[in-house]
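Q: Dropping the sequence and predicted coords here.
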Amino acid sequence: MKHLRFYLVYLVLALCALFVFFHEDVYEPVAQPLTDIPLRLPGWEKVGDTRFSTAVLENLRPTEYLYRTYAGTGQRTVSLYIGSLLSG
């Protein structure tokens, strides 16, 4: 009886492994350029873009990056940085 529990656990793990291996309905996000991010968002508007220096880009090595400043109501500002690094 004691060994029956282990066999059941192994069976469940094996079935899970088979499910994951043969499951093909995997969602992969569509890669879109970062420049597709809107210039105007609800309550915010782009007021500037920033470009990194060559030295910074050599250290970060981004595949693509976006560094924008947005201004909101009351002249509040926020800086948005998004960088992507695709390997392979």
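A: Arrived safely, thanks for sending.
Q: This structure: helices as residue ranges?
A: 2-22, 54-60 (DSSP state H).
Q: Against which helices or strands is the first one packed?
A: The reference is to helix 2-22. Other helices and strands packing on helix 2-22, by 3 or more CB pairs under 8 Å, 6 or more residues apart in numbering; DSSP states H and E, are absent; none qualifies. C-beta coordinates here come from the backbone N, C-alpha and C atoms, glycine included.
Q: what about R68, how many residues close to it?
A: Counted with other CB atoms under 10 Å, residues neighbouring R68 total 19.
Q: what would the helices of the chain look like in CSV with mean pLDDT?
A: Shown next, in CSV, are the helices of the chain (pLDDT from 0 to 100):
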stretch, mean pLDDT
helix 2-22, 87
helix 54-60, 91
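Q: Any chance of TSV for the ones you listed, columns mean neighbour count?
A: Formatted as TSV, the helices of the chain follow (neighbours: other CB atoms under 10 Å):
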stretch	mean neighbour count
helix 2-22	9
helix 54-60	10
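Q: Those into a markdown table, with extra columns for distance to L86?
A: Output for the helices of the chain, formatted as a markdown table (distance: least, CB to CB, whole Å):
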| stretch | distance to L86 |
| --- | --- |
| helix 2-22 | 25 |
| helix 54-60 | 13 |
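Q: Now do Y27, the pLDDT please.
A: Y27 is assigned a predicted lDDT (pLDDT) of 61.
Q: oh sorry, the question was meant for G43
A: 89.
Q: Can you verify my assumption that it contacts T73?
A: Yes. Between G43 and T73 there is a contact under CB atoms under 8 Å: 5.9 Å.
Q: Quick check, A71 in contact with R40.
A: No. Between A71 and R40 no contact is recorded; they are 10.6 Å apart, counting by CB under 8 Å.
Q: Which of those two has more residues huddled nearby?
A: Higher neighbour count among A71 and R40: A71, with 15 against 9, using other CB under 10 Å.
Q: if I look at the residue nearest to that one when sequence neighbours are not counted, how far off is T63?
A: Leaving aside its chain neighbours, A71 sits nearest to V47 (4.5 Å; criterion: CB to CB, 6 or more residues apart in numbering). For V47, the distance to T63 equals 26 Å [CB to CB, to the nearest Å].
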